[in-house]
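Undergrad: Please find the sequence and the predicted model below.
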Amino acid sequence: MATTTGRRLRGALLAHVQTWRPYTLWYVGLLGLAGAGLTGARHDWRWLLAAWAAPTIGWLGGHYLGDWFDRRLDAIGKPHRPIPSGRLHPTVALVCGIGCLTVVGALAVAGGPRTELVALLAAGGIVAYSRGLKARGLAGNLVRGVLGALALLYGALLAPGPYLWVLVPFIVAIWSHDTASNLVGTLRDVVGDRAGGYRTLPVQHGNRVAISTATGFYLLTLAAALVGGLVAPAGAIHPDGRVLYLGLLAVIAVAGLAIFRTLHKHRTDLPVRTALRAHELLVLERIGLAGALVALGFGVVRTAALLLPILVLTWWTQARMRVGYELGPVPVGAATADPDPATSMPPAAAGPGKAQIDLVALPHLPEHS
């Protein structure tokens, strides 16, 4: 009995951890911290903690609600995921999502009317995206992009300094980057989205148009981020922040453009694994972008203390969990290559209540290239 109970608890905990997507969790908190450091305000640890905590908890709530809204779509294309596999009850996911947004609301009230408004906009964006806009092409990607920009703004409004205007180009950069990243994320789900009636941009217009559109938004990201780094006044940033920021931005640009170059090479016949790998790399690249924004406000030492462990943790959790969560468990002895990467579906789970496979331990498949 004790052994059975322990297995159930472990399975329930694993289902929650998979829903959290730990490899995406740190990005939005870094954006909140960056916002708190970019307006010339005094760096009070209480406001910095709140700048990190509220966006992070809201991000968790968005994952729970997104999976709850997508439970029927996932039953078609990703039946191994926690809700359709029966390892996480839909009501539990809904309650957890609402609970997270309630906590965010309480934290926002403590910050005053401005943070309340930002939190309300973010909650509305989460629900609108998950409830319907995700299935409606570019409009969903644009709204999804707004959520990261709101995290940056939230951090700044907790204790705004005299240089609030400095955020404008960075808000544009984060919005366009998250729009591009979200678009790339749709490329691996074309078959399941089409079967579920989701009219994403690649479903409606093909991979070529989706990749070109995402590339355009990414170029806007680089332009806006460069402008922001150059025009920020000395009073709004750390003394050594600008040089570090521009150096990190150059590295990020090289990495990001290489990712999009690979996508363009496969734009007419994009394997699922190549699309997934591109998004995995963008997840790491955007950690670097958020870290560059932190560097601009807080300098070298504090940024290194945050950014290096977060990059390692993001890489490790993504390497351990991402393939299993997105594509499902790989049967022992099965071929590792997609027979038709443009149309192949992920393997189905054993069915409700039977998928107790530890997806954390699943190996990577070889990359199509």
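TA: Sure, I can see it.

Undergrad: which stretches of the stretch 201-350 of the chain have low pLDDT?
TA: For the stretch 201-350 of the chain, the stretches with pLDDT under 70 are 330-350.

Undergrad: same thing but 50
TA: Within the stretch 201-350 of the chain, the segments meeting pLDDT under 50 span 332-350.

Undergrad: which residues in it form strands?
TA: Remark: no strands are assigned in the stretch 201-350 of the chain by DSSP state E, counting those that start in this stretch.

Undergrad: Count the residues that sit near residue 109.
TA: Using other Cβ atoms under 10 Å, residue 109 has 12 neighbouring residues. C-beta: built from backbone N, CA, C; applies to glycine.

Undergrad: got the contact list for the one helix or strand it maps to?
TA: Secondary structure assignment for residue 109, by DSSP states H and E: helix 90-111. Residues outside helix 90-111 that contact it (Cβ atoms under 8 Å, 6 or more residues apart in numbering) are 16, 19, 50, 53-54, 57-58, 60-65, 67-68, 71, 82-83, 115-116, 118-120, 122-123, 126, 154, 157-158.

Undergrad: dump the residue contacts of residue 268.
TA: For residue 268, the contact set (Cβ under 8 Å, 6+ apart) comprises 207, 208.

Undergrad: are any of the contacts of helix 90-111 buried, and which?
TA: Burial by neighbour count, judged by 16 or more other Cβ atoms under 10 Å, picks out 16, 19, 50, 54, 57-58, 60-65, 67-68, 71, 82-83, 115-116, 118-119, 122-123, 126, 154, 157-158 from the contacts of helix 90-111.

Undergrad: picking up where we left off before, okay, buried residues for the helix holding residue 109 please.
TA: 92, 93, 94, 96, 97, 100, 101, 103, 104, 107, 108, 111.

Undergrad: now stretch 216-228
TA: Residues of stretch 216-228 classed as buried: 217, 218, 219, 220, 221, 222, 224, 225, 226, 228 (neighbour count, 16+ other Cβ under 10 Å).

Undergrad: element containing the nearest residue to the second one once chain neighbours are set aside?
TA: Excluding the flanking residues, the one nearest residue 218 by Cβ to Cβ, 6 or more residues apart in numbering is residue 180, at 4.4 Å. Secondary structure assignment for residue 180, by DSSP H and E: helix 167-186.

Undergrad: counting contacts, what elements does the helix or strand just after that helix pack onto?
TA: As assigned by DSSP H and E, the chain's next helix or strand after helix 167-186 is helix 190-196. Using 3 or more Cβ pairs under 8 Å, 6 or more residues apart in numbering; DSSP states H and E, the elements in contact with helix 190-196 are helix 71-77, helix 201-205.

Undergrad: quick one: buried residues of the first one?
TA: Across helix 71-77, burial judged by 16+ other Cβ under 10 Å covers 71, 73, 74, 75, 76, 77.

Undergrad: Sort out which one of these lies nearest residue 189 for me.
TA: Of all the buried residues of helix 71-77, residue 77 has the smallest distance to residue 189: 6.6 Å, by Cβ to Cβ.

Undergrad: pLDDT at the nearest residue to the closest one once chain neighbours are set aside, what is it?
TA: Take residue 77 and drop its neighbours on the chain: the residue closest to it by Cβ to Cβ, 6+ apart is residue 192, 2.2 Å away. Per-residue pLDDT puts residue 192 at 88.

Undergrad: Residue 192 contacts residue 75, correct?
TA: No: contact criterion Cβ atoms under 8 Å: residue 192 and residue 75 do not qualify, at 10.0 Å.

Undergrad: Can you give me the buried ones in stretch 143-163?
TA: For stretch 143-163, burial by neighbour count (16+ other Cβ under 10 Å) applies to 143-161, 163.

Undergrad: Fine, thanks again, bye for now.
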